[in-house]
Structures are given as structure tokens and as C-alpha cells.
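Visitor: A predicted structure for the sequence below; I have some questions about it.
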Amino acid sequence: ETNRNGVQKIPIEEAAVIELLQKLGTTANPCCVPRKLETFVKYCHRNSNRLLPEFQKRALDTGVITPQTHATQPSNKNGQYEPTQKKQKRDKLSQQNNILPIVRSIAQISYAKIKQKQRPLINSPTPTKDSESAVGQLHLLGFGHHDPCVSTTTKERLHVVHRLDCQTSGIMVVARNQASASFLCRVWRERESIKKVYLAHVRHWPPYHEHRQTEGNIDIPLAPSRTERIKWEVLPVAEGGKECKTFWKVYEDMDKSSSSNEEGATENTPTVAKGITLELHPITGRTHQLRLHCAAIGSGIVGDSLYGDSPIAWLGDHSTKNHDQEIDVISTLGNDISKTLRLHAHKLLIPHPSNPDNGEKLEFESAKPW
């Protein structure tokens, strides 16, 4: 189709798509543009006066839309938009039916074009397989959607109540229905009836190795790091730090237990300190609390790449005098020392979701993997 001057005319729908994309590109706050398709369609419908002004004029002139179907907002006597004082909840079905089919089509085409342009720019990770996640493995075992123990009156999906930091091993809590998940989440926030015990492997612990203390309390406030997004740091309360408390006691002296098993070793065999295993009771529940408290008091948890002593840094420091001895320490403790965080959720005591009033408790225990 061409006009009188022989210039090809762009179809009204295609021209509207171009207009919508240009207007979206000049939006002052791009974050307000919805990312889901149906929400995006409704957004374009509500803001059609701003996003599609030329389309509306052209559509009215050609009769594609009528003034009655075009009016979607309340007006005052002067014909100007008059915002209501109180927003009323609208039925979702009727709201979808009020969207003109041509406007819906324009929004859907524009949404597809935006996604097509964004896809090469985003290095999206592949979806996690069930075999690669804890909840996914529970699904493979028959829990969740196909679990016969889940009530049919609730959503048949698993609810993660208590998760662990990356690389931390041990006990997690996954609820099998919404009622149990709500109860356990409330109990976790109150923290009074929850008892958690962790085991941590540290090489040097001054309160024990230097002062022969076998237990104690750590009271060091922490706060999110001001320079690194994923880390926390020690910060006084007066400067914005949050109260953090941990009770500790010596669970195992690995040097004593290993020396009793090495009676046949020769006198020339070098002895390498393996450290101790601490039993940690977090009184508060801050992010990375145990890892930071161990790093602040001693050498840090073995294998902790964020806060503890890093074996990779040892091997890369050629100025160290005892470089060969440090290599022996690493080989003695294991080649995977820099890859495995030796922090383990050892015990967990929680109230039973089905019988909370009777004081029934559920106790779980998991042996440390090292």
C-alpha cells in the first residue's frame, strides 16, 4: 500500500509496534516496565495515551477503534483525567477483557521483539537439573508433587525452611506442606525453641592452643561489607554493626587423636598440626556469622575462601620462608582443602509441626564428612 506520493505506507499495527518500542526506550525509569508478558500487556494498555499517541490518532481516523472503546479512564466535566481518591480492586477477568485486541497484539509483538533482542546480551545460565539441587533430588525420590503424604488441599510442593550457605554441609529443613512451612518459619524467626549445632575445623585457635580454654563465648558485632557485596565484616554497634553471639567448645583435638594412631612413626617423621574441631552454637543468626567469628578469633575455618586462611594464597606467595613446610601442611590435610569448606550442620532440634502444643521435639544428627 502506497500514498499519493508513491511512498509505501507502513501498516498501522507495525507502525504502532515501532512507536511503542521507541517510547519504551525513552522511559525515564526502565525498571518500572514489567518483565512478564501479561503484566506487560496490561502496562501498555494502562499507559496507551503516553506510549501510543500516534497510533490512537490514526486508529480513530481510520475507524479501527471508536471513542467509546478508546476511553478507559474516568474523566471530569472538562474531559481531563481525574484520578480517584481510592483505588478499587478490579476483577482480573474483566480487566483483561477491557484490553482491545489490537492493543494486546501490539504489546505481544513488542514484547517478543524485546526478548529477542535481549537474549544474545544476557548470558543466562541453563536451568538447574533436579539431580543438581537438594529439593530436586527430593523430587526424584518422590517427595513434593508426587508425594502421597502431602495433603491434596494444599499446594503439592516442597517449601525450603532452613537452608545452608554455599559449600556448608549438613542438615537442611524442607517442609512438605504449607501449614508446616508456616509454623516452622515462625519458629525460626522467634529462635527460642530452635537449637542448632555446627562443627568447624580450624588449624589454630588461640583460646585453646595458647590459653587452654575448652569453651567460651564470642560476642563480635557484624554488618554487610561496605566494599564487597557478598561478604560481611566486623563492625562496632556504634557504627551500624548488628549484635552477633556464638558459644563454642572444643569437640575434638585432631592432633591428639592422630598422635595416638601414629605410634609406629619414626622420630624423623615431621609432625604437622592438624588443628581442632569446634562445636559451635549460634545464638544469633547473621549471615556468615560462624565463618567470620572463627576468622576473627583464630585462623578461620579450613577451606573458607572468603574469610579463612587460603591455601591458594600460601602456594602463590614465593616470598614466604617456610614455603616447603606449607606445601606439606596442605598435602597432609588433603588436596581438596581449598575446595571444601569444613563447616558442617551437625545437630538440629526443632518442635514437631504436628504437635507443637504437646512439646514434642524432632532431633536430627549428621556426622561430619571429614
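Guide: Looks like it came in fine. Residues are numbered from 1 along each chain as shown.
Visitor: give me the phi and psi for residue 306.
Guide: In terms of degrees, to the nearest 10, the main-chain angles of residue 306 are phi -90, psi -40.
Visitor: state the number of residues packed around the nearest residue to it once chain neighbours are set aside.
Guide: Once flanking residues are discounted, residue 306 sits nearest to residue 231: 5.9 Å by Cβ to Cβ, 6 or more residues apart in numbering. Quick note: C-beta positions are derived from backbone N, CA and C, even for glycine. Other residues lying near residue 231 total 15 when counted by other Cβ atoms under 10 Å.
Visitor: just checking, residue 231 touches residue 165?
Guide: No - judged on Cβ atoms under 8 Å, residue 231 makes no contact with residue 165 at a distance of 11.9 Å.
Visitor: where do the contact lists of those two overlap?
Guide: Common contact partners of residue 231 and residue 165 (Cβ atoms under 8 Å, 6 or more residues apart in numbering): residue 288.
Visitor: now do the strands in the stretch 251-370 of the chain.
Guide: 276-282, 343-351, 361-365 (DSSP state E, counting those that start in this stretch).
Visitor: next, the angle strand 343-351 makes with the last one.
Guide: Looking back up the chat, that one is strand 361-365. 160 degrees (axes from the mean of the first three to the mean of the last three Cα atoms, to 10 degrees).
Visitor: name the residues that touch strand 361-365?
Guide: 171, 346-352.
Visitor: what of stretch 218-237?
Guide: Outside stretch 218-237, the residues touching it (Cβ under 8 Å, 6+ apart) are 239-248, 286-289, 292-293, 296-297, 306-307.
Visitor: from those, list just the buried residues.
Guide: 241, 244-246, 248, 286, 288-289, 292-293, 297, 306-307 (16 or more other Cβ atoms under 10 Å).
Visitor: one step back: which one of the contacts of strand 361-365 is nearest residue 184?
Guide: Closest approach between those and residue 184, by Cβ to Cβ: residue 350, at 6.8 Å.
Visitor: for the closest one, give its distance to residue 193.
Guide: Noted for residue 350: a distance of 7 Å to residue 193, by Cβ to Cβ, to the nearest Å.
Visitor: want to throw the strands of the stretch 251-370 of the chain into JSON lines with mean neighbour count?
Guide: As requested, these are arranged in JSON lines below (neighbours: other Cβ atoms under 10 Å):
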{"stretch": "strand 276-282", "mean neighbour count": "21"}
{"stretch": "strand 343-351", "mean neighbour count": "20"}
{"stretch": "strand 361-365", "mean neighbour count": "12"}
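Visitor: nearest to residue 63, of these?
Guide: Checking the strands of the stretch 251-370 of the chain against residue 63 by Cβ to Cβ gives strand 343-351 as the closest, at 67.3 Å.
Visitor: and for the closest one, what's in contact with it?
Guide: Contacts of strand 343-351 (Cβ under 8 Å, 6+ apart): 162, 164-165, 167-173, 184, 187, 193-201, 279, 290-291, 301, 304, 359-370.
Visitor: name all residues that make contact with the nearest residue to residue 252 once chain neighbours are set aside.
Guide: Nearest residue to residue 252 in three dimensions, chain neighbours excluded: residue 277, at 4.1 Å (Cβ to Cβ, 6+ apart). Residue 277 is in contact with 199-201, 250-252, 254, 368, counting by Cβ under 8 Å, 6+ apart.
Visitor: what about 7 Å?
Guide: Contact analysis of residue 277 by Cβ atoms under 7 Å, 6 or more residues apart in numbering lists 199-201, 251-252, 254.
Visitor: buried subset of the residues you listed as a PyMOL selection?
Guide: Per 16+ other Cβ under 10 Å, the buried members of the contacts of residue 277 correspond to this PyMOL selection:
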select buried, resi 199+200+201+251+254
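Visitor: tabulate the contacts of residue 277 (JSON lines), appending distance to residue 29 and pLDDT.
Guide: Shown next, in JSON lines, are the contacts of residue 277 (distance: Cβ to Cβ, whole Å; pLDDT from 0 to 100):
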{"residue": "199", "distance to residue 29": "48", "pLDDT": "97"}
{"residue": "200", "distance to residue 29": "45", "pLDDT": "96"}
{"residue": "201", "distance to residue 29": "49", "pLDDT": "95"}
{"residue": "251", "distance to residue 29": "53", "pLDDT": "97"}
{"residue": "252", "distance to residue 29": "56", "pLDDT": "95"}
{"residue": "254", "distance to residue 29": "56", "pLDDT": "90"}
